[in-house]
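Student: A structural model of the following input is requested.
(chains A and B)
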Amino acid sequence: CRCRALLSRPAGRLRARRGLAAGPELHFGFQTVTEEERREKIYQVFESVAKKYDVMNDSMTLGIHRVWKDILMHKMNPSPGTLLLDVAGGTGDIAFRFINYVHSVREQQLQRKLKHHQNLSWQEIFESYQKDKFNSLGDSQVVVCDINREMLKVGKQKAQHLGYSEGLSWVLGNAEELPFDNDKFDVYTIAFGIRNVTRIDLALQEAYRVLKPGGRFLCLEFSHVSNPLLSRLYDLYSFQVIPVLGEVIAGDWKSYQYLVESIRRFPPQEELKAMIEDAGFFKVDYENLNFGIVAIHSGFKL
Amino acid sequence: AAAGGLRRAGWRLWRGRAVVRCQHYPPLRAVQASATLRRASDEHKKEPLTSSSQQHFDPPPAGDQPEQEPQGPRPSYTGQGGQESEDYESEEQLQHRILTAALEFVPEHGWTAEAIAEGAKTLGLSVAAAGMFHSDGSELILHFVSECNSKLSELLEKEQKLVQLGEAEKKPMDEFLRHAVEARLRMLIPYIEKWPQALSVLLLPRNIPSSLNLLTSMIDDIWHYAGDQSTDFNWYTRRAVLTGIYNTTELVMMQDSSPDFEDTWRFLENRVADAMTMSNTASQVQSTGEAVVQGLMGAAVTVSN
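Tutor: Predicted structure coming up:
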């Protein structure tokens, strides 16, 4: 297989695999870099892909990433009044889905309420419409936090273009050091972002800190395929097709080479589950999508 | 694996057969004083759950933390950590608490994840805690059913004690069965509007093993307190008959609109009477059959002589 491997010493590699920077050596794809370099390089990767991020997502995953994100939303099943923190949520995919979902749940709720109050006068029904019109999200809010300015810019433009304004906030922040108080959010999601975090354990601890008691941690990320045949096909596709697509569509071979390599370096499902448990979450579980190409990890702060 | 077995054992738990102390996390995790899983001792002190005694790798600032639990959340790397974990309630117990709190919201929201979310809110947890359960509310319904069953068991146990102490009369069989089934069905009355929805969820293939288990153990309980000690095929027929009576009465109750469900209790009375008659008839048929056979044998002997 065509991997440009500048592999570090096994011990360093082990540390690097767990994302714990006990020493100065970390992985950037299959290269070995220091912690600072890694952060720099990843920032540059996303700075350059920001404008074509969504297009590339669609072409690389043949549009399936939309299904993955929908499944994540269904799993979350947010009720109106939920406060969501979407970390590394750059272009806002999860945030927009959250708003749509809560909106439709709220509408169902209002319809059911109306059915109950069949004996209201017309005046009262009209007044309830007025009141609820300004509460179409039921006080739900989503805060999109990303470390990269360019990604946030693209996200804000998308929001404006699609007409999302209510219940949405954009914050510049680092997942390893969130600019929020303790016990603030009901749900914390990080979709295809935790792979790029340099100190995963810090990010998990921050997630634990900002969640309310009873709050939920959800992580959607590429993971390891155990099926050997599928794994070979997946490797073939990843290393042969994706960087080429990157060059053709976004004019950036290296970023997409990094992407594919970083997926291979990321801890597998069980290891990530252990790390989440170490941060203090309970009832940690994962669900494989597409045989392990993607996995959703879930944990609760109890 | 421990959690799965624990869940199965959890249903038995409500029958008071075994108190299983669950501690399925290794001592290392007890170091993190969790925010919500309270110590069992704290159940007696009504402390607000908002005391977030979490672990930070920095020492927590003394000023702005709300009231800390008296024992203090200091990490203990010694063996004490393992001991402390014994007193913390387990995830299962927390789930039970949430489901119990959710029951009061069922008449309004139905047996749904919304009711569970509201229940979690009353305990001071985030609404996202409802994500621990399945989104169709199955766990809530199963929890309710098993709670009703244990309440019934307690009731029957108390009455049996009274009879043993001589303070009450022992009821005849049909009256006892009627009383037990009526007491159990009365527990449904606060939720009667949403109960048909619950029944349909209980019949989902996924839930059938658990719901069947709960049903059979309840019927078994009733027969036990009724004094059934049969060891032959009667054991099965008795349970089958009572299950039939219970289920049909439940269905009648769903669409009964008479005051205080009089029609349902009358239906129940008739079914129990039928069952008694049937068993009498069965034994009569048997004894008649035996008598006939004896008669024929006698006649044969006479004729041969």
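Student: quick one: residue A:298 is in a helix?
Tutor: No. Going by DSSP: H, G, I helix; E, B strand; the rest coil, the assignment for residue A:298 is strand, not a helix.
Student: how many neighbours does the closest residue to residue A:199 other than its chain neighbours have?
Tutor: Among residues not flanking residue A:199 along the chain, residue A:176 sits closest, at 5.2 Å (CB to CB, 6 or more residues apart in numbering or on different chains). For glycine as for every other residue, the C-beta is placed from the backbone atoms N, C-alpha and C. Neighbour count for residue A:176, taken as other CB atoms under 10 Å in any protein chain shown: 17.
Student: residue A:176 contacts residue A:207, doesn't it?
Tutor: No. Using CB atoms under 8 Å, residue A:176 is not in contact with residue A:207; the gap is 10.4 Å.
Student: off-centre distance for stretch B:204-224?
Tutor: Its chain's C-alpha centre and that of stretch B:204-224 lie 9 Å apart, by CA atoms, centre = their mean, to the nearest Å.
Student: list the contacts of that stretch.
Tutor: B:11, B:15, B:136, B:138, B:141-142, B:145-146, B:149, B:152-153, B:156, B:177, B:180-181, B:184, B:201-203, B:238-239, B:242-243, B:246 (CB atoms under 8 Å, 6 or more residues apart in numbering or on different chains).
Student: repeat that for stretch A:251-259.
Tutor: Against stretch A:251-259 from outside (CB under 8 Å, 6+ apart): A:28-29, A:41, A:45, A:48-49, A:56, A:60, A:242-247, A:250.
Student: can you tell me which of those residues lies nearest to residue B:273?
Tutor: Nearest to residue B:273 among these, counting by CB to CB, is residue A:60 at 72.3 Å.
Student: can you tell me the element the closest one falls in?
Tutor: Assigning secondary structure by DSSP states H and E places residue A:60 in helix A:53-61.
Student: now for that helix, which elements pack on it?
Tutor: Where contact means 3 or more CB pairs under 8 Å, 6 or more residues apart in numbering or on different chains; DSSP states H and E, helix A:53-61 is packed against helix A:64-76, helix A:149-162, helix A:242-245.
Student: following the chain onward from the second one, which element is next?
Tutor: I take that to be helix A:149-162. strand A:168-172.
Student: check the last one too.
Tutor: Under the assignment DSSP H and E, the closest C-terminal helix or strand after helix A:242-245 is helix A:253-265.
Student: how many neighbours does residue A:103 have?
Tutor: Under the criterion other CB under 10 Å, the count of neighbours that residue A:103 has is 16.
Student: show me the contacts for it.
Tutor: A:136, A:137.
Student: please report how far it lies from chain B.
Tutor: 16 Å (CB to the nearest CB, to the nearest Å).
Student: show me how far the strand or helix carrying that residue is from its chain's centre.
Tutor: Assigned by DSSP H and E, residue A:103 falls within helix A:93-116. Here helix A:93-116 is found 22 Å from its chain centre; the criterion is CA atoms, centre = their mean.
Student: next: stretch B:138-153.
Tutor: With CA atoms, centre = their mean, you get 3 Å for stretch B:138-153.
Student: quickly check: it near chain A or not.
Tutor: No. Contact of stretch B:138-153 with chain A (CB under 8 Å from any CB of the partner chain) is absent, the minimum separation being 12.9 Å.
Student: list of residues touching the helix holding residue A:60?
Tutor: Under CB under 8 Å, 6+ apart, the answer for helix A:53-61 is A:46, A:49, A:65-66, A:68, A:90-91, A:93, A:151, A:154, A:158, A:242, A:245-246, A:249-250, A:256.
Student: ok and the residue in the stretch 151-300 of chain A nearest chain B?
Tutor: Closest residue of the stretch 151-300 of chain A to chain B, CB to the nearest CB: residue A:214 (2.7 Å).
Student: quick check on the residue minimising distance to the centre of chain B: phi, psi?
Tutor: The residue lying closest to the centre of chain B (CA atoms, centre = their mean) is residue B:146, at 1.3 Å. Backbone torsions of residue B:146, given as degrees, to the nearest 10, read phi -70, psi -30.
Student: longest strand in chain A, please.
Tutor: Using DSSP state E to define each element, chain A has its longest strand at strand A:211-222.
Student: packing partners of that one?
Tutor: For strand A:211-222, the packing partners by 3+ CB pairs under 8 Å, 6+ apart come out as helix A:64-76, strand A:185-191, helix A:200-210, helix A:269-278, strand A:294-300.
Student: so which elements touch the third one?
Tutor: Counting contacts by 3+ CB pairs under 8 Å, 6+ apart, helix A:200-210 is packed against strand A:83-87, strand A:185-191, strand A:211-222, helix A:269-278.
Student: with the longest one instead?
Tutor: Under the contact criterion of 3+ CB pairs under 8 Å, 6+ apart, helix A:64-76 touches helix A:53-61, helix A:93-116, strand A:185-191, strand A:211-222, strand A:282-289, strand A:294-300.
Student: which among the ones you listed is found nearest to residue A:139?
Tutor: Closest among these, using CB to CB: helix A:93-116, at 9.5 Å.
Student: what is the mean pLDDT for that closest one?
Tutor: Mean pLDDT, helix A:93-116: 88.
Student: any low-confidence regions in the chain?
Tutor: Went with chain A since none was named. Where chain A drops to pLDDT under 70, the residues are A:1-24, A:118-120, A:131-134.
Student: that answer is for a different chain, and I need it for chain B
Tutor: Using pLDDT under 70, chain B drops low at B:1-88.
Student: taking it, what residue is nearest to chain A?
Tutor: The minimum distance from chain B to chain A, using CB to the nearest CB, falls at residue B:125 (2.7 Å).
Student: so what's that residue closest to, chain neighbours aside?
Tutor: Residue B:125 sits nearest to residue A:214 (CB to CB, 6+ apart), 2.7 Å away.
Student: in contact with the one you found, which residues?
Tutor: Per CB under 8 Å, 6+ apart, neighbours of residue A:214: A:300, A:301, A:302, B:36, B:120, B:123, B:124, B:125, B:126, B:127, B:128, B:129.
Student: which ones among those map onto strands?
Tutor: Per DSSP E, the subset of the contacts of residue A:214 in strands is residue A:300.
Student: from the contacts of residue A:214, which would you call buried?
Tutor: Buried members of the contacts of residue A:214, scored by 16 or more other CB atoms under 10 Å in any protein chain shown, are A:300, A:301, A:302, B:36, B:120, B:123, B:125, B:126, B:127, B:128, B:129.
Student: so which of these sit within helices?
Tutor: Among the buried ones among the contacts of residue A:214, the ones falling in helices (DSSP state H) are residue B:120.
Student: just put the buried ones among the contacts of residue A:214 in CSV and tack on distance to residue B:256.
Tutor: Shown next, in CSV, are these (distance: CB to CB, whole Å):
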residue, distance to residue B:256
A:300, 41
A:301, 45
A:302, 42
B:36, 42
B:120, 34
B:123, 35
B:125, 38
B:126, 40
B:127, 36
B:128, 39
B:129, 36
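Student: ok, so of the buried ones among the contacts of residue A:214, who is nearest residue A:34?
Tutor: Using CB to CB, residue A:301 comes nearest to residue A:34 of the buried ones among the contacts of residue A:214, at 32.5 Å.
Student: so the closest one makes contact with residue A:212?
Tutor: Yes. Under the criterion of CB under 8 Å, residue A:301 makes contact with residue A:212 at 7.3 Å.
Student: how about the host helix or strand of residue B:238: buried residues?
Tutor: Following DSSP H and E, one finds residue B:238 within helix B:234-254. Within helix B:234-254, the residues that count as buried by 16+ other CB under 10 Å are B:238, B:239, B:241, B:242, B:245, B:246, B:249, B:250, B:252, B:253.
Student: over to stretch A:271-285?
Tutor: A:272, A:273, A:275, A:276, A:277, A:279, A:280, A:281, A:282, A:283, A:284.
Student: so which of the buried residues of helix B:234-254 are also by chain A?
Tutor: On the criterion CB under 8 Å from any CB, none of the entries of those sits beside chain A.
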